[in-house]
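>>> Sharing a sequence plus its predicted fold:
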Amino acid sequence: MNLPTSVAERVKTTIQVDEKTRKELFRVVSELEREKGRRVTFDEAIMALIERERAKESARAKFHSLYGTLGPDAKAWSELRRLRRAERDRLERVVEATR
């Protein structure tokens with residue numbers, strides 16, 4: 001059934017979740033309320049979780065496009081980690097020097 005968008009957006013439904021899931025969702029709602037400084041609905045919390053997952057998938061795809069050529073080469077990944085550590089240490093020294 002294809003409803004006009006305005007009608008389809010107003011259609012509400014009920015879902016059943018386990019008690020553990022409800023408690024976790026309530027925690028997400030509480031976190032969002034602290035962040036936003038206002039009341040947040042369960043619907044908003046679910047959409048926030050969906051958006052976070054999509055963002056993670058997008059980041060994963062971006063990472064894979066940048067580093068996917070390393071494949072399962074343990075030596076290459078080890079070298080990449082070593083270089084990242086060295087760069088992080090260098091940046092920390094720069095920050096310390098500017099204080």
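Okay, I see it.
>>> pLDDT wise, what is the most centrally placed residue in the chain at?
With distances taken as CA atoms, centre = their mean, residue 52 lies nearest the centre of the chain, 3.5 Å away. As predicted, residue 52 sits at a pLDDT of 93.
>>> Can you find the helix or strand in the protein with the smallest mean pLDDT?
The weakest-scoring helix or strand in the chain, judged by mean pLDDT, DSSP states H and E, is helix 5-10 (a mean of 65).
>>> Against which helices or strands is whichever helix or strand comes after that one packed?
Sequence-wise, the next helix or strand downstream of helix 5-10 (DSSP states H and E) is helix 19-36. Secondary-structure packing of helix 19-36 (3 or more CB pairs under 8 Å, 6 or more residues apart in numbering; DSSP states H and E): helix 42-67. From N, CA and C alone the C-beta is placed, and that goes for glycine too.
>>> Please point out which parts of the helix it packs on sit buried.
Using 16 or more other CB atoms under 10 Å as the test for burial, helix 42-67 gives 44, 45, 48.
>>> Ok, stretch 71-81 next?
By neighbour count with 16+ other CB under 10 Å, stretch 71-81 contains no buried residues.
>>> Can you list the low-confidence ranges for the protein?
1-8 (pLDDT under 70).
>>> Apply 50 and report the result again.
Of all residues in the chain, none has pLDDT under 50.
>>> any idea how far residue 17 is from the residue nearest to the centre of the chain?
Counting by CB to CB, to the nearest Å, the gap from residue 52 to residue 17 is 18 Å.
>>> now do residue 38
24 Å.
>>> Identify the residues contacting residue 96.
The contact partners of residue 96, by CB atoms under 8 Å, 6 or more residues apart in numbering, come to none.
>>> what's the helix or strand for it?
Using DSSP H and E, residue 96 falls in helix 74-98.
>>> Over to residue 13: give its phi and psi.
Here is the backbone geometry of residue 13 (degrees, to the nearest 10): phi -140, psi 170.
>>> Residue 17 now?
Dihedral angles for residue 17 - degrees, to the nearest 10 - are phi -130, psi 160.
>>> what do you get for residue 15?
Backbone dihedrals for residue 15, given as degrees, to the nearest 10, come out at phi -120, psi 150.
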